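Q: With the sequence up front, the predicted model follows.
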Amino acid sequence: MAAFPEGLNEQVGHEFAASQQYIAIAVHYDAQTLPRLAAHFYRQAVEERNHAMMIVQYLLDADERVAIPGVAEPQVEFPDVVQPVRLPLEQQKRVTEQISDLAKLARSEGDLVGEQFLHWFLQEQREEVSSMGALLTVVERSKDNVMLIEDFLAREVVGDAGVENGAPPAAGGAL
Ligand SMILES: [Fe+2]
Ligand SMILES: [Fe+2]
């Protein structure tokens with residue numbers, strides 16, 4: 001397999017791992033009866049799952065091999081209310097680098113169709129890093145009064161609220 005489709009297969013794993021990590025964070029908050037924080041991460045988990053399935057659809061369309069990978073165990077214990085937001089911010093920054101590297105790889109292989117496919121993902125990463133950064137600011141500011149964080153999330157829309165404009169098609173349909 002050429003390096004680019006190989007890299008996309010790896011990225012499927014990163015997106016599923018992010019999804020699994022977000023479910024773990026959502027459940028952590030849900031167990032503490034913080035329903036707004038939980039809802040935010042349940043929704044993010046679905047988004048990440050959809051990202052994985054968009055890449056799967058691309059590989060199917062490009063007639064490349066798709067190998068659905070297992071994922072590493074997510075972190076399930078968190079020391080405080082802030083860390084479950086700091087962790088995904090770091091994770092999303094890493095994903096931005098991964099997608100950028102994949103776009104450069106597609107370009108170096110002269111695969112302009114593949115490069116174009118990743119443009120939406122680059123745009124999405126700008127949104128993901130920005131919205132997770134904004135949530136981290138709010139959580140750090142109100143870490144001693146978590147109900148203020150809940151109130152904020154009840155009042156404000158953080159991120160794209162699952163509306164992913166111009167998203168590529170996902171295998172089996174986006175959830
Ligand atoms: Fe993603
Ligand atoms: Fe998003």
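A: Arrived safely, thanks for sending. Ligands and ions are numbered 1, 2, ... in the order given.

Q: Only C-alpha atoms from now on, for both contacts and neighbour counts.
A: OK.

Q: What residue, apart from its backbone neighbours, is nearest residue 148 spatially?
A: residue 142 (6.3 Å; Cα to Cα, 6 or more residues apart in numbering).

Q: Isn't the one you found up against residue 149?
A: Yes - counting by Cα atoms under 8 Å, residue 142 sits close enough to residue 149 to count as a contact (6.3 Å).

Q: Give me the next element, helix or strand, following the helix or strand where residue 89 lies.
A: Here residue 89, judged by DSSP states H and E, is contained in helix 83-108. Counting by DSSP H and E, the element after helix 83-108 in chain order, helix or strand, is helix 112-141.

Q: relative orientation of that next one and helix 83-108 in degrees?
A: On the basis of axes from the mean of the first three to the mean of the last three Cα atoms, to 10 degrees, helix 112-141 is oriented at 160 degrees to helix 83-108.

Q: Against which helices or strands is helix 112-141 packed?
A: Here helix 112-141 touches helix 83-108, helix 146-155, going by 3 or more Cα pairs under 8 Å, 6 or more residues apart in numbering; DSSP states H and E.

Q: Deepest-packed of these, please.
A: helix 83-108 (a mean of 18; mean count of other Cα atoms under 10 Å).

Q: The residue nearest the centre of the chain - nearest residue in space that isn't next to it in sequence?
A: Central residue check for the chain by Cα atoms, centre = their mean: the C-alpha nearest the mean position is that of residue 48, 4.1 Å away. Sequence neighbours aside, residue 19 is the residue nearest to residue 48 in space, at 5.0 Å (criterion: Cα to Cα, 6+ apart).

Q: Give the full set of residues in contact with that neighbour.
A: Listed by Cα atoms under 8 Å, 6 or more residues apart in numbering, the contact set of residue 19 reads 44, 45, 46, 47, 48, 49.

Q: Adding mean pLDDT as columns, could you present the helices and strands packed on helix 112-141 in CSV?
A: Below are the helices and strands packed on helix 112-141 laid out as CSV (pLDDT from 0 to 100):
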stretch, mean pLDDT
helix 83-108, 97
helix 146-155, 97
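
Q: Out of those, the one nearest residue 133 is which?
A: The closest of those to residue 133 is helix 83-108. By Cα to Cα, the value is 6.4 Å.

Q: Who are the packing partners of the closest one?
A: So helix 83-108, by 3+ Cα pairs under 8 Å, 6+ apart, packs with helix 3-31, helix 112-141.

Q: Now do that helix against helix 3-31, angle only.
A: Going by the same axes, to 10 degrees, helix 83-108 makes 170 degrees with helix 3-31.

Q: distance between helix 83-108 and the chain's centre?
A: 9 Å (Cα atoms, centre = their mean, to the nearest Å).
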